[in-house]
Structure formats: C-alpha cells, structure tokens
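Participant: Using only what follows, build the 3D model:
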Amino acid sequence: MAPSADLHIHTYFSDSTSSPQEVVDDALAAGLSCIAITDHDIVQGVSPAIEAAGPHALEVVPGIELSSEFENCDIHILGYFIDHQKGPLLEKIDVFLDARMERMKKMIMKLKSVGVDNIEFEEVCALTKSRAVGRAHLAMLLHQKGWVPNIKSAFEKYLGPGCPGYASKYKQTPFEAIELIRSCGGVAVMAHPMLTKKDELIPRLVAAGLKGLEVYYPNCMDTVTAFYERIAKKNGLIATGGSDAHGKVKSYTYVGKKTVPLDVVEQLRMAKHE
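Facilitator: You can find the predicted model right below:
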C-alpha cells in the first residue's frame, strides 16, 4: 500500500471523543504514514499525539482548524506545520476559548427560554478536555437527555443558524484566520469547501495567502471531488484531504476514511518556506 496521510483529525481537546493516543492507534491500524491533528481553535492535542507516535513510523503534523465567518457564513481555515508551542497563535487561542465559553452559556440560556431546561454549563464542559466547548458537545447532551433522536437532528432543530439555541461565534474573518496561521509559520488551507459553498471567495483568499484547498473529503460524490480538483488547479492550490474524524461524534467517518498521498504533505512542507 502506498504511503498515505489523513490531514484532518480531531481529538477530545475539541469536539471529538478520541484521545490523541487513540487517534494514533487508529492511524497505525489504518496503515497511515502521516496524520495532522487539527482541533478547533486549540492546539493542546498536538504534543500528546506527537509523543504517542514517537516509537512508530508515523509523522504527526501540528495543525489547527480556525473558525471564521464571512457574510454570515461559517468558513473554517486549516493551518498546517504551525508553531504550536509559542507565538501569536497561542495568545489568540485564549481569546477564542473565552469566546467559546461565553457562546456556550448563551446557547444554554436560549435553550432554557424554549423549554430545554435540564442542561447545565458544567455538564457541557465535562464533555471536553479543554475549554474548546462547541455545539457538538451540546448536541450530545440534547441527544442523551431525549430532546432529539440523534446528534444530527440536534443541529437541525436547536443548534443550526436560525434555530432557537444558536448563538454566533467569535467574529473573525477568514482573511484574519489566514494571517494568524501565517504569523505562526503555518500553511493555510480552506476546509471542506463543498460544505461551505463560498467558491466565489476562493480567489480572494488566495490573494490573502491561502495555499491549499481540502478537495478530498469523506462521503463526497466523485463529481464534487473533480469539481474542486479543477478549482484547486485553476487557483494554484495544493489539493489536500482528510477524514474530519471526530471519534463517536460523527458516525459517518473515521481516521483513515479519506486520505491523500504522502506527496501532499511534502507540498505543504515546501509551501511553509515560500
């Protein structure tokens, strides 16, 4: 089997149920040569994953997935080969995490106002190993307490934009997210554009320093993948990909479900020095 990489994986330091050790174990079981830890707005899972992978022939790329918003649309920017131990990113992460905590309190209050009155802030915080609380944690509790039949329906009924429990995220534009990733020596990639559906914005993001596009994503039709392959080529972007694994939170994907050739990792490594 040709060496391959899964460049989009989360741990329980954000909204997955998997520890960094479990992610590494899953990657080894899948025969991967490289993974990237890309938790939402936090880098706490990177070092434990690197340590767990140390005795094995598995490279761990330090990464992050930054939240941003443009014209009321959520846009996620992945950062690869970031400096996860020092620099401006770490200072900004504290701001992100404070904002996540406040957002969660607002969402719980909104839910209480519509009768969902048995979910407490401390319960949500207990579902993550950091302060990176998010809608996935709240969705799990809504499901556990019988308000919805599954996690997907929690987003559809309560937590999606326009729903009674929704509150907006920390206000950061994708241009600011790209600049933050670049400021810590990283390479910026637009996450799952087929979900974001803001293709017209891509040339502007390229002008701002975007280097890659997440073309290969789980459960996408071949025609969709081919469409984004063409966009990546047209804009001179590295075509990346990964599983977007979240442990048990997302049953439709898992570590190694979607991979890219190891050459993509080298392209990202080279782009870091451009």
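
Participant: just checking, Leu66 touches Tyr80?
Facilitator: No. Between Leu66 and Tyr80 there is no contact under C-beta atoms under 8 Å: 11.8 Å. Every C-beta, even on glycine, is put in place using the N, C-alpha and C of the backbone.

Participant: got a list of what Val255 touches?
Facilitator: Contacts for Val255 (C-beta atoms under 8 Å, 6 or more residues apart in numbering) come out as Asp6, Ile9, Ser18, Val23, Asp26, Ala27, Ala30, Leu32, Ile35, Ser243, Ala245.

Participant: and with 7 Å instead?
Facilitator: Asp6, Ile9, Val23, Asp26, Ala27, Ala30, Ser243, Ala245 (C-beta atoms under 7 Å, 6 or more residues apart in numbering).

Participant: same thing with Phe70?
Facilitator: Thr173, Pro174, Lys198, Leu201.

Participant: which one among these gets closest to Ile151?
Facilitator: Lys198 (24.7 Å; C-beta to C-beta).

Participant: Tell me who's in contact with the closest one.
Facilitator: Residues in contact with Lys198 (C-beta under 7 Å, 6+ apart) are Phe70, Cys73, Ile75.

Participant: Mind picking the lowest-pLDDT entry from the residues you listed?
Facilitator: The member of the contacts of Lys198 with the lowest pLDDT is Cys73, and it reads 85.

Participant: For Ser168, see how far away the nearest residue to that residue once chain neighbours are set aside is.
Facilitator: Spatially, and ignoring its direct neighbours in sequence, Cys73 is nearest to Lys198 (5.6 Å; C-beta to C-beta, 6 or more residues apart in numbering). Using C-beta to C-beta, to the nearest Å, Lys198 is found at 17 Å from Ser168.

Participant: How about Cys184?
Facilitator: Distance, Cys184 to Ser168, using C-beta to C-beta: 25 Å.

Participant: between the two, which one's more packed in?
Facilitator: More crowded of Cys184 and Ser168, by other C-beta atoms under 10 Å: Cys184, with 21 against 12.
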